[in-house]
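K.L.:
got a sequence here, can you model it:
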Amino acid sequence: MEQKTYLVTGASKGIGLELSLALATSGVEVILLARDTLSLKKSREMVQLISTSSSSIVCDLADNESIDKAIMALNNDFKKIDGIVHNAGMITPIMPMSKAPSDAWAENIQVNLIGVQRLTKGIYPLMQSSDHCRVTTISSGASLRPLESWSSYCVAKAGQDMWARCLAEEGKRDGITAISIAPGIVDTDMQKEIRSTNSEDFPSLSSFVGYYEDGELSDAKDVAKKLLSLITTHSIEQSGQRFDVREL
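P.N.:
Coordinates of the predicted model:
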């Protein structure tokens, strides 16, 4: 059986790293995509201990030039992409809409939504070259309900859910399916960032501190194990659907 190749964004830590390790363990060649940090290098080395053919590409989804360079590298180095996990994301600015800096608000939409579209469009021919390219976006409960001081994140995640549904609809003719999965509240750096927010800007801060102190955060490795099957085997009939890890 021909080896599958999956691209994972935000792969240097958290859920992205754990998914990359889980995919590699299942026999998949993984392309780790993330910003240029020491974490990306270390994560690639960890994955390569399992899958020697796996590799990494530097990409900052906040920077269109960086995205275009990643697109060029992917098209030059690979003949097909069998799956994408759009995991990279940002939560800030966490503050009321009336106070949030416009550039920071726009950057959130860029990273969580616009960059996802730009990257995917740029490698669409590689996706078409697969017998069945499976695309997964990592969603959030924030895509379904408004949370005070999270306006940019809520808007971006809601848009990302609809983006996946649109890709599912348009991708039918090209052998491409797309789903969204909400991973629940996971113990990642994003949660640390949330807990470090000024309580004056974020009225729900105490709730998120409580989730951590009460041990209610899920482990990223456990979440990755639960998501793996759906990411790698979801069917045409499931394409366009949104899933929640707590229901898997």
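
K.L.:
any low-confidence regions in the protein?
P.N.:
1 (pLDDT under 70).

K.L.:
determine the longest helix present in it.
P.N.:
Ordering each helix of the chain by length in residues (DSSP state H) puts helix 151-171 first.

K.L.:
buried sites along that helix?
P.N.:
Across helix 151-171, burial judged by 16 or more other C-beta atoms under 10 Å covers 151-161, 163-165, 167-168, 171. In this view, the C-beta of every residue, glycine as well, is placed from N, C-alpha and C.

K.L.:
can you give me the distance of the residue most central in space within the chain to S199?
P.N.:
In the chain, the centroid-proximal residue (C-alpha atoms, centre = their mean) is N87; its distance is 0.9 Å. Between N87 and S199 the computed distance is 29 Å (C-beta to C-beta, to the nearest Å).

K.L.:
then S26?
P.N.:
42 Å.

K.L.:
who touches T137 in this structure?
P.N.:
86, 116, 160-161, 163-164, 178-181 (C-beta atoms under 8 Å, 6 or more residues apart in numbering).

K.L.:
among the residues you listed, which one lies nearest to E216?
P.N.:
Proximity of those to E216 (C-beta to C-beta) peaks at I181, which lies at 19.3 Å.

K.L.:
quick one: the helix or strand that contains the closest one to helix 151-171, angle?
P.N.:
For I181, the host element (DSSP states H and E) is strand 176-182. Using axes from the mean of the first three to the mean of the last three C-alpha atoms, to 10 degrees, the inter-axis angle of strand 176-182 relative to helix 151-171 is 150 degrees.

K.L.:
let's verify the most far-flung residue of the chain relative to its centre: helix, strand, or coil?
P.N.:
Computed with C-alpha atoms, centre = their mean, the residue of the chain farthest from its C-alpha average is E200, at 29.2 Å. Under the three-state scheme (DSSP: H, G, I helix; E, B strand; the rest coil), E200 adopts coil.

K.L.:
could you check how far it is from E65?
P.N.:
Taking C-beta to C-beta, one finds E200 at 36 Å from E65.

K.L.:
ranges for the strands of the chain?
P.N.:
5-9, 29-34, 55-58, 83-86, 133-138, 176-182, 242-244 (DSSP state E).

K.L.:
between these, which one is nearest to E213?
P.N.:
strand 176-182 (22.8 Å).

K.L.:
helices or strands up against the closest one?
P.N.:
When contacts are defined as 3 or more C-beta pairs under 8 Å, 6 or more residues apart in numbering; DSSP states H and E, strand 176-182 packs onto strand 133-138, helix 151-171, helix 220-233, strand 242-244.

K.L.:
so which elements touch the second one?
P.N.:
It refers to helix 151-171. Judged by 3+ C-beta pairs under 8 Å, 6+ apart, helix 151-171 is in contact with helix 102-109, helix 115-122, strand 133-138, strand 176-182.

K.L.:
determine which stretch of these is the most buried.
P.N.:
Of all the helices and strands packed on helix 151-171, strand 133-138 carries the top mean neighbour count, a mean of 26, counting by mean count of other C-beta atoms under 10 Å.

K.L.:
what strands line up against it, and which way round?
P.N.:
Its sheet considered, strand 133-138 pairs with strand 83-86 (parallel), strand 176-182 (parallel) by DSSP bridges.

K.L.:
of all those strands, which one is nearest N112?
P.N.:
Across these, N112 has its closest neighbour in strand 83-86 (9.0 Å, C-beta to C-beta).

K.L.:
so how far is that closest one from its chain's centroid?
P.N.:
7 Å (C-alpha atoms, centre = their mean, to the nearest Å).

K.L.:
repeat for stretch 179-189
P.N.:
Using C-alpha atoms, centre = their mean, the offset of stretch 179-189 from its chain centre is 9 Å.

K.L.:
what is the end-to-end distance of it?
P.N.:
24 Å (C-alpha to C-alpha, to the nearest Å).
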